[in-house]
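Visitor: model this:
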Amino acid sequence: MTKSNDLDRRGLMLVLSSPSGAGKSTISRALMERDDNLTMSVSATTRARRPGEVDGKDYFFVDKEAFDAMVQGGRMLEHARVFENYYGTPREPVEAALAAGRDVMFDVDWQGTQQLADNAPQDLVRVFILPPSMEELERRLYARAQDSEAVVKKRMAEASSEMSHYAEYDYIVVNRDIDDSIAKLEAILAAERLKLERQISVRDFITKMCGGDD
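Guide: Next comes the predicted model:
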C-alpha cells in the first residue's frame, strides 16, 4: 500500500486522451520514466501475438470466446473493436494495482474514457491534451514522418471531432511546451493523490494521533 504523508492511499486511474500528434505519447513516456508508482495499463486483445511481444506485458492475448466471456462477466473496464480485432482493459489487474496504492495510466480515446467513467468513476482522473493550434498539430504530424499525406489529412479531419469531447474531462492541458506540460501532469497527479477520498487510513491515523477510539 502506497503511503502519502504517512497515510495509506488507494491508487488512481489516470487517463490521457488527445488527437494524434498533440504529444500524448511523449508525455506518457516521461511520466512513466519519472514516477515509479505509475504503471501503464495492459490491454487484452484478440489479435495474434507479434514477434517479440510478451503475454501479460505488451498485451493479454486471448481468443474471441474468452474476450466475450470477460465482457459478459463484467470483467472489462472498457473495450472496443478495432478493424477485425477486439481490445479491452481487464478489470482484475487494475483493481489489484489500485488496492495496492499504485496508479494506473490509460491511453484511450474519449469513447474508452466514457466506459471507464461508467465502470470506475471514483478512481478516474481524466486529462485531455490539446495542441496549441491546428497549424501546429499538422506541423507535428508531418514532422514525425510516420504517416503518409493521406493519413495526416485523415488525422487532421478526426481531430476536431475528438477535441469536441473536451468537456467530459477533468483537466485540460494545452501542450505548447513539452516540459511545461509534463510538469502540469505531475502537479495534477500530486494533487489527486492527496484527495481525501483516496487517503483510506486518515480516520485511523487521526484516531491514533488523538489517542481515542472515535
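
Visitor: ok, now how distant is the residue nearest to residue 168 when sequence neighbours are not counted from residue 18?
Guide: In this structure, residue 168 finds its nearest non-sequential neighbour in residue 110, 6.3 Å apart by Cβ to Cβ, 6 or more residues apart in numbering. Just so you know, the C-beta spots here come from the backbone N, C-alpha and C atoms, and that holds for glycine as well. Relative to residue 18, residue 110 is positioned 10 Å away (Cβ to Cβ, to the nearest Å).

Visitor: okay, and the common contacts of these two?
Guide: Common neighbours of residue 110 and residue 18, using Cβ atoms under 8 Å, 6 or more residues apart in numbering, are residue 162.

Visitor: Which of those two has more residues huddled nearby?
Guide: More crowded of residue 110 and residue 18, by other Cβ atoms under 10 Å: residue 18, with 23 against 18.

Visitor: Would you map the helices across this structure?
Guide: Ranges of helices within the chain are 24-34, 64-72, 91-99, 110-119, 134-143, 149-163, 178-193, 202-210, based on DSSP state H.

Visitor: quick one, which of those helices is nearest to residue 42?
Guide: helix 91-99 (6.6 Å; Cβ to Cβ).

Visitor: mind checking how far the closest one is from the chain centre?
Guide: 14 Å (Cα atoms, centre = their mean, to the nearest Å).

Visitor: What does the pLDDT read for residue 165?
Guide: What the model reports as pLDDT for residue 165 is 96.

Visitor: Quickly note the distance from the closest residue to it other than its chain neighbours to residue 103.
Guide: Among residues not flanking residue 165 along the chain, residue 110 sits closest, at 3.9 Å (Cβ to Cβ, 6+ apart). As judged by Cβ to Cβ, residue 110 and residue 103 stand 21 Å apart.

Visitor: quick one: the residue nearest to residue 165 and residue 162 touch, right?
Guide: Yes - the pair residue 110 and residue 162 passes the contact test of Cβ atoms under 8 Å, sitting 6.4 Å apart.

Visitor: Common neighbours of the two, please.
Guide: Both residue 110 and residue 162 are in contact with residue 17, where contact means Cβ under 8 Å, 6+ apart.

Visitor: Can you list the low-confidence ranges for the chain?
Guide: In the predicted model of the chain, residues 1-5, 213-214 satisfy pLDDT under 70.

Visitor: how about the residue nearest the centre of it, what does it touch?
Guide: Closest residue to the average C-alpha location of the chain: residue 106 at 1.9 Å, with Cα atoms, centre = their mean. Applying Cβ under 8 Å, 6+ apart to residue 106 gives the contacts 13, 14, 15, 16, 41, 89, 112, 113, 116.

Visitor: what's across from it in the sheet?
Guide: Beta-bridge pairing of residue 106 under DSSP bridges involves residue 15.

Visitor: Can you tell me how far it is from residue 17?
Guide: Counting by Cβ to Cβ, the separation of residue 106 from residue 17 is 9 Å.

Visitor: joint contacts of the two?
Guide: Common contact partners of residue 106 and residue 17 (Cβ under 8 Å, 6+ apart): residue 113.

Visitor: For stretch 94-113, which residues meet the burial criterion?
Guide: When burial is assessed from 16 or more other Cβ atoms under 10 Å, stretch 94-113 yields the following buried residues: 94, 97-98, 101-106, 108-110, 112-113.
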